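Colleague: how does the following fold in three dimensions:
(2 chains)
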Amino acid sequence: MLRIRGLTRPGLEPFDFDLPPGEAVAMFGPSGAGKTLLLRAIADLDPNDGACALGDARRDDMPAPDWRRLVTYMAAEPGWWGDRVGDHFADPDSGRKLLPPLKLPEDAMGWALARLSTGEKQRLALARVLERAPRVMLLDEPTSGLDADTTRAVEAVLGARLGDGAAMLFVTHDIEQGKRLAKRALYVDAGKVRQGDL
Amino acid sequence: MNYITLSYGDLVIAALLIGVNAALSIRLRLSLERQLLIAASRMVVQLGLLGLVLKVLFETVSLPFTAAAALVMILFAGYEVMGRQERRLAGWWSYGVGTGCMLFGGTIVTVFALTTQLQPEPWFHPRYALPLLGMILGNMMTGIALGLNTLATNVGRERSAIETMLALGYDRAEAFRPLIRESVRNGLIPIINSMSATGLVSIPGMMTGQILAGADPWDAIKYQLLVMFLIAGATGIGAGSAIYAMAARLTDARHRLRLDRLTVK
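Modeller: The predicted structure follows:
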């Protein structure tokens, strides 16, 4: 489904990559290796060269916001612009159903942003991505601030999305988490990407 | 109108007051004497030159000369706007955005006043065009510089919020809307404050000048009101267009945030 050919940007050597529907691929690499740069380049958030397509739809043929609704990047430290959690959802009323599987109460939709912990922010940021139902999710350390139980809950939610046909490329430092969700991996080091099995 | 003409001797006597400042500086060892002397001399030379230029312009009443003088004023004002910004667009953009928007707003509003309310003969008469433009530019500068400063400072602070909106599929106009609102608000506040204080706290310099020159106070007030309305309009046009131009330059056609186009002084 997601097809990448010769994608490159400063700090990243050209690479080819295919991601079929329903598959997750884990990305590993030391800090500063270029994992975030790679995800941002796919989402077209920084200037880059190369071809990306989703099925027959080529990235360069559509407005960037349309592409990013299909192929959505979630930063390791997501940003917030409203005062309340609900301000960040397209439809807070239906969006609240997404929260209990992530071990958050439905009421969290009305919480003030200032009272959120790091782990709550991370799951709410994931919920607002899930609400928009992208075809491909590019997740930068989606569970880094979470305890083991909560991490499993998040993995279950992500697994269900894979079952629905979404695809996912995610950064993790936990090889076990990689194995739970993915069969393939990208290893990034100093801007070079190597593909392998898990 | 008749007014009391000043002789050069009168000015020399008034200049003695600078001596008060010099005495203070010497007494408190501020070492400001030199700066004081240079600043006062600069003022005399600059105004003397301005007098010569205006005299020639008023005698010739030529459209190209008047336009050239107006352009020089705008170019200096643009330089001033650039100098007041801590963080600004890289390269020529920083000068270009401020200057272009002052050229835009200042010209529209000045020509509007000359052709509809004042209607001097000819419409571009430098006696009307240049003082009006000068007052408009002086106030626009503040609004544009404040607006651009707000945008340039806050775009760094709000970086992750903007990028998150873009990543979720909002377009650049939506992602920048809160910042643009805040910047335009900051750009407009000085003119709003100055309108509410005019007449109570401050007696505007222009009106004072007209009254000293023998004008009827009522006529002077009408002129002052006209000028304040022109300034308000020009500040809105100038600050608004400058802020939108900077926001456009801080993003690109693929709706990316381009902080690499910003430099810190």
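Colleague: what residues does chain A have near chain B?
Modeller: A:43-47, A:63-66, A:68-69, A:72-75, A:77-81, A:125, A:128-129, A:132 (CB under 8 Å from any CB of the partner chain). For every residue, glycine as well, the C-beta is placed using N, CA and C.
Colleague: where along chain A do the strands fall?
Modeller: Assigned by DSSP state E, chain A shows strands spanning A:2-9, A:12-19, A:24-28, A:49-54, A:57-58, A:71-74, A:136-140, A:167-171, A:184-189, A:192-197.
Colleague: likewise the stretch 51-200 of chain B?
Modeller: B:87-89 (DSSP state E, counting those that start in this stretch).
Colleague: which of the residues of chain A next to chain B are buried, as a PyMOL select command?
Modeller: Only the buried entries of the residues of chain A next to chain B go into this PyMOL selection, using 16 or more other CB atoms under 10 Å in any protein chain shown:
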select buried, chain A and resi 43+44+45+46+64+65+68+69+72+73+74+75+78+79+80+81+125+128+129+132
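Colleague: what about the residues of chain A next to chain B, which are in helices?
Modeller: The helices, defined by DSSP state H, take in A:64-66, A:68-69, A:125, A:128-129 from the residues of chain A next to chain B.
Colleague: so where does the closest residue to B:Ala113 other than its chain neighbours fall, helix or strand?
Modeller: Leaving aside its sequence neighbours, B:Ala113 sits nearest to B:Leu230 (CB to CB, 6 or more residues apart in numbering or on different chains; 5.4 Å). According to DSSP states H and E, B:Leu230 maps onto helix B:217-249.
Colleague: quick check, the next helix or strand after that helix touching chain A?
Modeller: Going down the chain from helix B:217-249, the next helix or strand is strand B:262-264, by DSSP H and E. No: remark: strand B:262-264 sits outside contact range of chain A, by CB under 8 Å from any CB, the gap being at least 15.0 Å.
Colleague: show me which residues of the stretch 101-250 of chain B are close to chain A?
Modeller: B:158-171, B:178.
Colleague: longest helix of chain A?
Modeller: Per DSSP H, chain A has its longest helix at helix A:148-163.
Colleague: dump that helix to CSV, restricted to CA.
Modeller: C-alpha atoms of helix A:148-163 as CSV (Å, rounded to 0.1, in the frame of the first residue of the first chain):
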residue,chain,number,x,y,z
ALA,A,148,4.0,-2.2,31.2
ASP,A,149,0.2,-2.6,31.6
THR,A,150,-0.6,0.6,29.7
THR,A,151,1.9,-0.3,27.0
ARG,A,152,0.1,-3.6,26.4
ALA,A,153,-3.3,-1.8,26.3
VAL,A,154,-1.9,0.6,23.6
GLU,A,155,-0.4,-2.3,21.7
ALA,A,156,-3.8,-4.0,21.7
VAL,A,157,-5.4,-0.9,20.3
LEU,A,158,-2.8,-0.7,17.6
GLY,A,159,-3.1,-4.4,16.8
ALA,A,160,-6.9,-3.9,16.3
ARG,A,161,-6.2,-1.1,13.8
LEU,A,162,-3.8,-3.4,11.9
GLY,A,163,-6.6,-6.0,11.8
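Colleague: what does that helix rub up against?
Modeller: With CB atoms under 8 Å, 6 or more residues apart in numbering or on different chains as the contact definition, helix A:148-163 has outside contacts at A:22-24, A:101-103, A:119, A:123, A:126, A:130, A:137, A:139, A:142-143, A:146, A:168, A:170, A:177, A:180-181.
Colleague: mind listing what's buried in it?
Modeller: Buried, per 16+ other CB under 10 Å, within helix A:148-163: A:150-151, A:153-155, A:157-158, A:161-162.
Colleague: circling back: and the contacts of helix A:148-163, which are buried?
Modeller: Buried, going by 16+ other CB under 10 Å: A:23-24, A:102-103, A:119, A:123, A:126, A:130, A:137, A:139, A:142-143, A:146, A:168, A:170, A:177, A:180-181, out of the contacts of helix A:148-163.
Colleague: low-confidence stretches in chain A?
Modeller: Confidence mapping of chain A against pLDDT under 70 gives zero matching residues.
Colleague: follow-up on the earlier one: wouldn't the residue nearest to B:Ala113 be in contact with B:Val111 here?
Modeller: No: with contact defined as CB atoms under 8 Å, B:Leu230 does not reach B:Val111; the gap is 10.8 Å.
Colleague: look at these two and report which has more neighbours.
Modeller: Of the pair B:Leu230 and B:Val111, B:Leu230 is the one with more neighbours under other CB atoms under 10 Å in any protein chain shown, namely 21 against 15.
Colleague: quick one on the thing from earlier: closest to A:Leu12 among the buried residues of helix A:148-163?
Modeller: A:Leu12 lies nearest to A:Leu158 out of these, by CB to CB, at 25.1 Å.
Colleague: from A:His88, how far out is that closest one?
Modeller: To A:His88, A:Leu158 is 19 Å away according to CB to CB, to the nearest Å.
Colleague: residue nearest the middle of chain A, spatially speaking?
Modeller: Nearest to the mean C-alpha position of chain A, by CA atoms, centre = their mean, lies A:Leu139 at 2.2 Å.
Colleague: quick check, that one in contact with A:Met74.
Modeller: Yes: here A:Leu139 reaches A:Met74: they are 5.1 Å apart, a contact under CB under 8 Å.
Colleague: how close does B:Phe104 get to B:Gly236?
Modeller: Distance from B:Phe104 to B:Gly236, by CB to CB: 12 Å.
Colleague: who are the contact partners of residue 170?
Modeller: No chain specified, so I'll use chain A. A:24-27, A:137-142, A:158, A:181-182.
Colleague: look at chain B instead
Modeller: A:Pro65.
Colleague: list the buried residues for the strand or helix carrying B:Val45?
Modeller: Per DSSP H and E: B:Val45 is located in helix B:33-60. Across helix B:33-60, burial judged by 16+ other CB under 10 Å covers B:36, B:57.
Colleague: next: stretch B:87-107.
Modeller: Neighbour-count burial for stretch B:87-107 [16+ other CB under 10 Å]: B:87-89, B:93-95, B:97-107.
Colleague: now do that stretch: distance to the chain's middle.
Modeller: Averaging C-alpha positions (CA atoms, centre = their mean, to the nearest Å) puts stretch B:87-107 12 Å from its chain's average.
Colleague: endpoints of stretch A:4-19, how far apart?
Modeller: 9 Å (CA to CA, to the nearest Å).
Colleague: now find how far off-centre it is within its chain.
Modeller: 17 Å.
Colleague: for residue 40, which non-adjacent residue is closest in space?
Modeller: If you meant another chain, say so; for now it's chain A. A:Asp46 (5.0 Å).
Colleague: sorry, I should have been clearer: chain B.
Modeller: Per CB to CB, 6+ apart, closest to B:Ala40 is B:Ile18, 5.4 Å.
Colleague: surely the one you found touches B:Leu36?
Modeller: Yes: under the criterion of CB under 8 Å, B:Ile18 makes contact with B:Leu36 at 6.6 Å.
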